[in-house]
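Sequence and predicted structure, then a few things I'm wondering about:
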Amino acid sequence: MLIERSDNELITACKGDEMWAKKALYERFAPLMLSICTRYCGNRETARDVLQDAFIKVFTKIKDFKAEGSFEGWLRRIAVTTSLEKMRRRREISLEESLNETIESEDYSIFEKLSADDLHRMISELPQMCRVVFNLYAVEGYSHKEIAQMINIKEITSRSYFFRAREILKEKVKLFII
């Protein structure tokens, strides 16, 4: 019978280079991190590659984890950063694109009629940069200033991608509901 270990016990054992702990930590957090990687990479095959890279970083840097914040938050940041690095290497994130969008008020009540799976599918169909910025801002909670620094674009460009993503999603939702 396996004993369920706490995150702190697993982290401590991983810092001691215990293979059983690394396996247990991977099994516990891989589904969460895979879903994060998939949001940014757009497909599961690439996301799985990114997940492996992210866990290599986790196990390499786990000795630096000081437990000053949540472990899950630390893992999320590694998954996001690794996904963005992969996109940069593949040149999927361009340094700058000009998008001129205006902010409009919108009716959020139509989103209540969608299932989470429908909304997730619609987000996954967004153009690459719109999807990345939308996820970073709306899902992960980063500010546009932080996003701009992370992917090397201007803050206004981050806002433009986000509002473009919202417009595309609004159109998809209208078509879905009709």
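Okay, I see it.

So which residue is dead centre in the protein?
Ile36 (4.0 Å; CA atoms, centre = their mean).

That residue touches Arg77, doesn't it?
No: checked against CB atoms under 8 Å, the pair Ile36 and Arg77 is beyond contact range at 9.7 Å. For every residue, glycine as well, the C-beta is placed using N, CA and C.

In terms of helices and strands, where is the residue nearest to the centre of the chain?
helix 19-41 (DSSP states H and E).

Show me which residues of the helix or strand hosting Glu167 are buried.
Using DSSP H and E, Glu167 sits within helix 155-177. Residues of helix 155-177 classed as buried: 157-166, 168-170, 172-173 (neighbour count, 16 or more other CB atoms under 10 Å).

about what we covered before: residues of the helix or strand following the helix holding Ile36 that come out buried?
Using DSSP H and E, the helix or strand that directly follows helix 19-41 along the chain is helix 44-61. Using 16+ other CB under 10 Å as the test for burial, helix 44-61 gives 46-47, 50-51, 53-55, 58-59.

Skip ahead from the helix or strand bottoming out on mean pLDDT in the chain and say which helix or strand is next.
When each helix and strand of the chain is scored by mean pLDDT, DSSP states H and E, helix 116-124 comes last, with a mean of 80. On the C-terminal side of helix 116-124, the closest following helix or strand by DSSP H and E is helix 128-134.

looking at it, Arg131 is touching Arg121, isn't it?
No: Arg131 lies out of contact with Arg121 (CB under 8 Å); the separation is 11.8 Å.

Among these two, which residue is more densely surrounded?
Between Arg131 and Arg121, counting by other CB atoms under 10 Å, Arg131 is the more crowded of the two (20 against 13).

which residues sit in contact with the more buried one?
Shown in contact with Arg131 (CB atoms under 8 Å, 6 or more residues apart in numbering): 39-40, 42, 123-124, 165.
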